[in-house]
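Asker: Build me a model from this:
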Amino acid sequence: GGMPDPLQVQALERLLISRHIDVSLAAVIAEHVARLQRSTGNQPASAVLMERAQELLAIPGISDETIEILRDHIAFLPRRSPLNLNTAKPEVLAASLPDAATTSAGAILAARQIAPFRNIEDFRQRMGTIGTKVSGSRFGVVSAFFLVSGRLSTRDGNSQLTGLVERSGASTRLWWVVES
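Answerer: I've put the predicted structure just below:
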């Protein structure tokens, strides 16, 4: 925490290009998130970002439209977590795999529709040359973090809630909940 990961910045650059967003924002966003991580002490940066999501608008070049375009493609988690090859969106796969084209992401989607990848070795065997680009520390086939949404109804009205949940073995941790 606290320092931008060059490989993550490169993936964000590729994602921004694919979404037709100024690529120079990748380094600025990464430094902003790193600064938040350094300033939050024991509190995860994701909680700070979610409590003050509009804070990203303070970054020159970030607009409501930019946040809306990226919303389904990026996540700010309390710690680094492998990208799930079984659930990642094609745009995220294409941005995250070194030298991967959108056709590689399409091949991954087609393979995982036949059967989910059991582990990284299964991915490597089934995906051939695409699979050789995947390291077990940056990619995985399961998720530890999940966004959970629900509606709370009270006498005073209804609220939509979203929370970040981490599952680790038999343990579950709720990192944050926001009302929208």
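Asker: residue ranges with poor pLDDT in the protein?
Answerer: Across the chain, residues meeting the criterion (pLDDT under 70) sit at 1-2, 40-55, 98-102.
Asker: all strands of it, in order?
Answerer: All strands of the chain, identified by DSSP state E, fall at 83-84, 139-140, 145-154, 157-168, 171-179.
Asker: Test my guess that residue 130 contacts residue 97.
Answerer: Yes. Look at residue 130 against residue 97 with CB atoms under 8 Å: they come within range, at 7.0 Å. Glycine gets a C-beta too; all of them are placed from N, C-alpha and C.
Asker: what touches both of these two?
Answerer: Residues touching both residue 130 and residue 97 (CB atoms under 8 Å, 6 or more residues apart in numbering) are residue 104.
Asker: When the two are compared, which one has more neighbours?
Answerer: A count of neighbours by other CB atoms under 10 Å puts residue 97 above the other of residue 130 and residue 97, at 24 against 21.
Asker: how close does that one get to residue 104?
Answerer: Taking CB to CB, to the nearest Å as the measure, residue 97 and residue 104 are separated by 6 Å.
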